[in-house]
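**Student:** coords please:
(one chain, ligands or ions: 1)
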Amino acid sequence: MSTATSATPQPSGTTADPEGSPPVFSVDGLWKVFGPKADRVPADPGLTALDPAELRSRTGCTVAVRDVSFDVRKGEVFVVMGLSGSGKSTLVRCLTRLIEPTAGSISIDGEDVRAMDKARLRELRRHRAAMVFQHFGLLPHRTVLDNVAYGLEIQGMGRAQRRAKAAEVVAKVGLEGMEQRRPAQLSGGQRQRVGLARALAVDPQVLLFDEPFSALDPLIRRDMQEEVIRLHHEEGRTMVFITHDLSEALRLGDRIALMRDGRVVQLGTPEEIVGSPADDYVRDFVRDVPREQVLTVRTAMRPASSADEAGSGPAVRPDATVSEAIEAVARAGSPARVLDQGRCVGIVDSAALLSVVAGTGTLAVTGPSTVTGPSTVTEPSTVTEPFAAPEPSPAPEPSAGTERPEGAV
Ligand SMILES: Nc1ncnc2c1ncn2[C@@H]1O[C@H](COP(=O)(O)OP(=O)(O)OP(=O)(O)O)[C@@H](O)[C@H]1O
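**Tutor:** Numbers count the residues shown, from 1 in each chain. You can find the predicted model right below:
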């Protein structure tokens, strides 16, 4: 979950550590070409070099996904973002072969998805990677409870057991008391919760969301985003989330794959995408993002100039946003120490914080993001060296950075 933009408290029950976790899905060199004799396209450099209109007029084919590779790590929220037509839905549908890929490999927990027979695929879609659609396809004559129990019914679970399980999930998504209503008696947001509950009821390893909230009005949409964040924190479930909405991607994503014309032009954390855009396209895409709400103090800190400076003053966590640090520095009227488990790893002062807001100065976003395709790769990111304090400092008092900001992007 994006620590920089989440407006909910830190996870308490989450055990997943997405960074360094093994991949759930592994995608390598994936292509999806629509049209006649599609499979000749990926293999022919003369055709793949053509622009989309020319390829269409010569072959009748459209490349929806173009040589895409990535891993989805266990326990992460992996967001696929891009403008309409960039290939998001096609890519995510390829993961469970709702759309048949043209070339490349896909595996789930090391198992080759492209080699699965029909029964195995059914099992994959029902138990391992359940999809939550924008049009949630609720059964109109069934109650909320029976809609949620539907997937369990298909699995062959007995009536009493599936209704008990469904009731539990209905409560989890905040629909307690509405079990006996029918979809027509619910608001759009409530219906979406039923769709979410139905997917959750089968307890899938991965939840795939295809723009689930785009039809909802902004406030309800925000509610549903919070719901997803909460569920993720409570359960640590792996999620793949499609959206064309940048603020939704920044709010929800641990990592974001930004697509353009079927390619992934940048894959990275929200902070990497906003702080180190891979090319002009991405830079333009994130231009209006309030950087101080996404970038963390790591991007602005410098080594402490003395043991004195490292030993006193207000404290912020390394994952505090620049916005939170500005508040701490403004309150104290002095630079703030960045404390990592009681150790001072750097100092942020007002000049450095302002330069992040202004978009001037060198950014020190940790960890390189991945760039796929022929985009211009940015310079490697730099990491600010920590100040080696002679003695570990005491644990910080609660400070800016311990609370999440309201109104983050
Ligand atoms: N069945 C199809 N036949 C031919 N072309 C298709 C088909 N499905 C999708 N495409 C094309 O593939 C490209 C990617 O489409 P896709 O639906 O994956 O994009 P998207 O990013 O999910 O868009 P949106 O946000 O509008 O849903 C588009 O150019 C689209 O027109």
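**Student:** Show me which residues of this protein sit near the ligand.
**Tutor:** Within reach of the ligand by Cβ under 6 Å from any ligand atom, the chain has these residues: 34, 62, 64, 82, 84-90, 244. Quick note: C-beta positions are derived from backbone N, CA and C, even for glycine.
**Student:** Please repeat the previous calculation with a cut-off of 8 Å.
**Tutor:** 32, 34-35, 52, 62-65, 82-91, 93, 99, 211, 242, 244, 259, 262 (Cβ under 8 Å from any ligand atom).
**Student:** Give me the subset of the residues you listed lying in helices.
**Tutor:** Among those, DSSP state H puts 52, 88-91, 93 in helices.
**Student:** By proximity to the ligand, which residue of the stretch 201-350 of the chain wins?
**Tutor:** Residue nearest to the ligand within the stretch 201-350 of the chain (Cβ to the nearest ligand atom): H244, separated by 4.9 Å.
**Student:** Return a ChimeraX selection command for the buried portion of the residues of the chain next to the ligand.
**Tutor:** Command for ChimeraX, covering only those of the residues of the chain next to the ligand found buried under the criterion 16 or more other Cβ atoms under 10 Å:
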select :32,34,62,63,64,65,82,85,86,87,88,89,90,91,93,99,211,242,244,259,262
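**Student:** Just list the residues touching L207, thanks.
**Tutor:** 129-132, 199-200, 237-240 (Cβ atoms under 8 Å, 6 or more residues apart in numbering).
**Student:** just the residues you listed now: which is nearest P290?
**Tutor:** Nearest to P290 among those is M239, at 24.5 Å by Cβ to Cβ.
**Student:** wait, that closest one sits on H232?
**Tutor:** Yes: the pair M239 and H232 qualifies as a contact (Cβ atoms under 8 Å) at a distance of 6.3 Å.
**Student:** Touching both of those two, which residues are there?
**Tutor:** Counting by Cβ under 8 Å, 6+ apart, the shared contacts of M239 and H232 are V77.
**Student:** All the strands of this structure, residue numbers only.
**Tutor:** Along the chain, counting by DSSP state E, strands occupy 23-34, 62-73, 77-82, 103-108, 111-112, 129-132, 206-210, 238-243, 255-260, 263-268, 315-316, 336-340, 343-348.
**Student:** In terms of mean pLDDT, which of those strands ranks lowest?
**Tutor:** Out of the strands of the chain, strand 129-132 stands lowest, with a mean of 86 (criterion: mean pLDDT).
**Student:** Kindly export that one (C-alpha atoms) in PDB.
**Tutor:** Only the C-alpha atoms of strand 129-132 are listed here, as PDB (Å, rounded to 0.1, in the frame of the first residue of the first chain):
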ATOM      1  CA  ALA A 129      -7.400 -15.100  -9.200                       C
ATOM      2  CA  ALA A 130     -11.000 -13.800  -8.900                       C
ATOM      3  CA  MET A 131     -12.000 -10.700 -11.000                       C
ATOM      4  CA  VAL A 132     -14.100  -7.800  -9.700                       C
END
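**Student:** From the contact counts, what lies against that strand?
**Tutor:** Where contact means 3 or more Cβ pairs under 8 Å, 6 or more residues apart in numbering; DSSP states H and E, strand 129-132 is packed against helix 188-201, strand 206-210.
**Student:** to the chain's geometric centre, what's the distance from the longest one?
**Tutor:** What that stands for is helix 188-201. Taking Cα atoms, centre = their mean, to the nearest Å, the mean C-alpha location of helix 188-201 is offset from the chain mean by 19 Å.
**Student:** re earlier: and the residue of the stretch 201-350 of the chain closest to the ligand, what is it in contact with?
**Tutor:** By Cβ under 8 Å, 6+ apart, H244 lies in contact with 81-84, 88, 211, 214.
**Student:** Among those, which has the minimum pLDDT value?
**Tutor:** For the contacts of H244, the pLDDT minimum is S214, 77.
**Student:** how deep is it tucked in, by neighbour count?
**Tutor:** Using other Cβ atoms under 10 Å, S214 is surrounded by 13 other residues.
**Student:** Quick check: it touching I242?
**Tutor:** No: with contact defined as Cβ under 8 Å, S214 does not count as touching I242 (9.4 Å).
**Student:** Now do the closest residue in space to P101 that isn't next to it in sequence, the pLDDT please.
**Tutor:** Nearest non-adjacent residue to P101, counting by Cβ to Cβ, 6 or more residues apart in numbering: C94, 4.7 Å away. C94 carries a pLDDT value of 96.
**Student:** likewise the one 3 residues further on?
**Tutor:** At R97 the predicted local confidence, pLDDT, stands at 96.
**Student:** ok, it - how many residues close by?
**Tutor:** R97 has 15 neighbouring residues, counting by other Cβ under 10 Å.
**Student:** which residues touch it?
**Tutor:** Taking Cβ under 8 Å, 6+ apart, we find R97 in contact with 106, 113-114, 116, 121.
**Student:** go again using 7 Å as the cut-off
**Tutor:** Listed by Cβ atoms under 7 Å, 6 or more residues apart in numbering, the contact set of R97 reads 113, 121.
**Student:** quick one: low-confidence ranges for the stretch 301-409 of the chain?
**Tutor:** Residues of the stretch 301-409 of the chain meeting the criterion pLDDT under 70: 361-409.
**Student:** make it 50
**Tutor:** 366-409 (pLDDT under 50).
**Student:** for stretch 294-308, which positions count as buried?
**Tutor:** 294-302, 304.
**Student:** likewise stretch 47-56?
**Tutor:** Neighbour counts over stretch 47-56 (16+ other Cβ under 10 Å) mark 47, 50, 55 as buried.
**Student:** Okay, and which of the residues you listed map to helices?
**Tutor:** 47, 55.
**Student:** would you turn the buried residues of stretch 47-56 into a markdown table with distance to G156?
**Tutor:** Listed next are the buried residues of stretch 47-56 as a markdown table, based on distance: Cβ to Cβ, whole Å:
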| residue | distance to G156 |
| --- | --- |
| L47 | 47 |
| L50 | 49 |
| L55 | 46 |
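**Student:** Pull the distance from stretch 44-54 to the chain's centre.
**Tutor:** The answer for stretch 44-54 is 31 Å, by Cα atoms, centre = their mean.
**Student:** cool, and stretch 62-70?
**Tutor:** Taking mean C-alpha positions (Cα atoms, centre = their mean), stretch 62-70 and its chain are 19 Å apart.
**Student:** CA atoms only: put it into CSV for me.
**Tutor:** C-alpha atoms of stretch 62-70 as CSV (Å, rounded to 0.1, in the frame of the first residue of the first chain):
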residue,chain,number,x,y,z
THR,A,62,-4.0,-4.2,-33.6
VAL,A,63,-1.3,-4.7,-30.9
ALA,A,64,-3.0,-4.3,-27.6
VAL,A,65,-0.2,-5.6,-25.4
ARG,A,66,3.4,-5.3,-26.6
ASP,A,67,6.3,-7.2,-25.1
VAL,A,68,5.4,-6.7,-21.5
SER,A,69,7.2,-8.2,-18.6
PHE,A,70,6.6,-7.8,-14.8
